[in-house]
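J.: build me a model from this:
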Amino acid sequence: MKAKRPVTPADILVSAGVFAVYLPYVHARGHAVPALIFGALLAILLLGKKKYPIPTLVACLAISCVLAVLLRRSYPATPADLIALYAVGRYCGRGTALTAAIGTLIVGFVVAEISRNVPSYNFQNLGTLATVPFAVLAGTWVRTQRTYVLGAEERANRAEREREDEARRRVTDERLRIARELHDIVGHALMSISVTSSVSARFVEDDPKAGREALETINTVSNSALGEIRRTLSLLRGVAEPLKSPGLGLADLDDLIQQSRTDGLPVTLHESGRRTEIPAIVGFTVYRIVQESLTNIKRHAEAVTKVAVTLTFTPDSLDVAVTNDGNPVEMTERGAYGLGIQGMRERVAATGGRLNTTALPGGGFRVHARLPLKEARP
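T.: As a prediction, this is how the structure comes out:
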C-alpha cells in the first residue's frame, strides 16, 4: 500500500521555479515554443515525484534529453533531473536510489556520445556530472534523518504508553492491596466481636463482671480495627503508606495471640533460631498471615484443641507456620476461605516468598510461609 504523500504548496512552488528556469533559455536560443512546452511538462511531472519517483525521473530524463539537444546544454544536470533524483533518494530504498544514479549517468553518457549538441563527458564538465550522485545522496540523507526522527517519536510514544500502563497497573495494585488490608482488618475484628458478644450474652446476667470484661474487649477490638481502617484508607488520600511504614509487626503478635485466647482459641507461640533485624514489610506480612490464619480457624474449624504459631529464624529467611487440629466445617461455610488464602499468597509473593497450605491427614490445617530477608531489605 503506497503511503499518502499529497502535493503541498512547496511542491507547487518548486515546479513553478523549474518552469521559470527555462525562460532565459527561450529568449537566448530562440526555441520559445518547445522550451515553454517541455518546461511546463517538467513542472507538471514534478508534482508526482513523491508518489511516483521512478516514473517521474524517467519522464524528466526523456524530456530533458530533448531540451539538452535543442538548447545545447549539459545532460543530465537540469534542475528537473536533479529534483527527480532527489525524490528517488528521498522516497525509495538505497538500492533503488543507487541504481537510479548509475542509470542516469549511463543515459547521459550515451546521449552525449550520440548527439553533437550535448557536451561529451570530460574533466571540464565533471563537476556538473557530480551533481547527479549528490542529488541522490541528499535525498537519501533526508530520508534517513526522517526515519530516525519518526523512530524517536515512536519510541517516545511507546515509552509514554508504557508509563501510562505502569501507572494503571500501580493503581490496580493499590486497590488490591487496600482490599486485602480491609479484608484482614474487618474480618478479624468482626469475628472477634462475634465470638466475644456471644460469650458475653451468656454471662451478662449470671456474671456481670465477666459481661463487662467482654464488652470492654469488644470496645478494644472495634477501636483497634477502626484505627487500622483509618490508617489504610488514608492511603487513598496520599497521607500514609501502610506497607512501607506499617504500624504492625512481630512485636504485636503477643497481643494478637492473647486476643485470640480471649476469644477461646488455645493458641501457643514458639520461636526457634536467632532473631535478627527483621525488615518492616516482613514483620507486617507475618502479622497478617497469623491474623488471617487465626480468623480462618475461628470461622472454618470446629473442635479445635490446639493452635500452634511457629516462627523459625535463619540468616536468609523467616518461616512462619500456623497449625491447628480442628475439623473443617461444612463446605457451604467455606466460601470466604479461599479469599483469605489468596490474600495471604499475594502478600507473601510481594516479599518474594512462598506460601503453602496443607490439610493434615489426621484432621487440621497448616499454613506455612517462607519469607526471604535479603530481598525484603531496602
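
J.: which ones are touching residue 18?
T.: The neighbours of residue 18, taking C-beta atoms under 8 Å, 6 or more residues apart in numbering as the test, are 39, 42, 43, 46, 79, 80, 83. Where you see a C-beta, it was placed from the backbone N, CA and C, and this is true even at glycine.

J.: the last one against residue 46, yeah?
T.: Yes - here residue 83 lies in contact with residue 46, judged by C-beta atoms under 8 Å, at a distance of 5.8 Å.

J.: would you map the helices across this structure?
T.: All helices of the chain, identified by DSSP state H, fall at 9-29, 32-45, 53-71, 79-91, 94-114, 126-129, 131-206, 208-233, 253-262, 280-300, 337-350.

J.: which one of those has the lowest average pLDDT?
T.: Per-stretch averages of pLDDT across these put helix 208-233 at the bottom, with a mean of 64.

J.: on that earlier part again, of residue 83 and residue 46, who's got more company?
T.: For residue 83 against residue 46, the residue with the higher neighbour count under other C-beta atoms under 10 Å is residue 46, and the figures read 26 against 23.

J.: contacts only, for the more buried one.
T.: 11, 14, 15, 18, 56, 60, 80, 83, 84.

J.: go with 10 Å
T.: Under the criterion of C-beta atoms under 10 Å, 6 or more residues apart in numbering, the neighbours of residue 46 are 7, 11-12, 14-19, 56, 59-60, 79-80, 83-84, 87.

J.: over to residue 275?
T.: With contacts defined as C-beta under 10 Å, 6+ apart, residue 275 is in contact with 250, 311, 313, 318.

J.: tell me the two of the residues you listed that are most distant?
T.: Comparing every pair within these by C-beta to C-beta identifies 250 and 313 as the most remote, at 10.1 Å.

J.: tell me, what's touching those two both at once?
T.: Shared between the contact lists of residue 250 and residue 313 (criterion: C-beta under 10 Å, 6+ apart) are residues 271, 275, 278.

J.: would you mind measuring from the second one to residue 311?
T.: Shown here: residue 275 relative to residue 311, a distance of 8 Å by C-beta to C-beta, to the nearest Å.

J.: the first one now?
T.: Separation of residue 271 from residue 311 (C-beta to C-beta): 5 Å.

J.: follow-up on the earlier one: list the residues that are in contact with both of residue 275 and residue 311.
T.: For the pair residue 275 and residue 311, residues contacting each of them under the criterion C-beta under 10 Å, 6+ apart are 250, 318.

J.: ok so, going back, and the contacts of residue 18, which is closest to residue 130?
T.: Among these, residue 79 lies closest to residue 130 (C-beta to C-beta), at 15.5 Å.

J.: right, and that closest one touches residue 67 too?
T.: No - with the criterion set as C-beta atoms under 10 Å, residue 79 and residue 67 do not qualify as a contacting pair; they are 11.1 Å apart.

J.: okay, these two: which has more neighbours?
T.: Using other C-beta under 10 Å as the criterion, residue 79 and residue 67 rank with residue 67 on top: 23 against 19.

J.: rewinding a little: neighbour count winner among residue 271 and residue 311?
T.: Between residue 271 and residue 311, counted using other C-beta under 10 Å, the more crowded position is residue 311 (19 against 13).

J.: would you confirm that the more buried one contacts residue 269?
T.: Yes - between residue 311 and residue 269 there is a contact at 7.5 Å, judged by C-beta under 10 Å.

J.: anything in contact with each of the two?
T.: Where contact means C-beta under 10 Å, 6+ apart, the residues bridging residue 311 and residue 269 through contact with each are 253, 290.

J.: quick one on the thing from earlier: just put the contacts of residue 18 in JSON lines and tack on distance to residue 131.
T.: Conversion of the contacts of residue 18 to JSON lines gives the following (distance: C-beta to C-beta, whole Å):
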{"residue": "39", "distance to residue 131": "19"}
{"residue": "42", "distance to residue 131": "17"}
{"residue": "43", "distance to residue 131": "20"}
{"residue": "46", "distance to residue 131": "17"}
{"residue": "79", "distance to residue 131": "10"}
{"residue": "80", "distance to residue 131": "12"}
{"residue": "83", "distance to residue 131": "11"}
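
J.: count of neighbours near the nearest residue to residue 309 once chain neighbours are set aside?
T.: Taking C-beta to C-beta, 6 or more residues apart in numbering, and ignoring the residues beside it in sequence, residue 309 has residue 269 as its nearest neighbour in space, at 4.9 Å. Here the number of neighbours of residue 269 (other C-beta under 10 Å) works out to 15.

J.: residues in contact with residue 307?
T.: When contacts are counted by C-beta under 10 Å, 6+ apart, residue 307 is found next to 257, 260-261, 265-269, 293-294, 297-298, 301, 322-326, 364.

J.: hmm, I typed the wrong one, I wanted residue 60.
T.: When contacts are taken as C-beta under 10 Å, 6+ apart, residue 60 is in contact with 18, 41-42, 45-46, 49, 76, 78-85, 87, 104.
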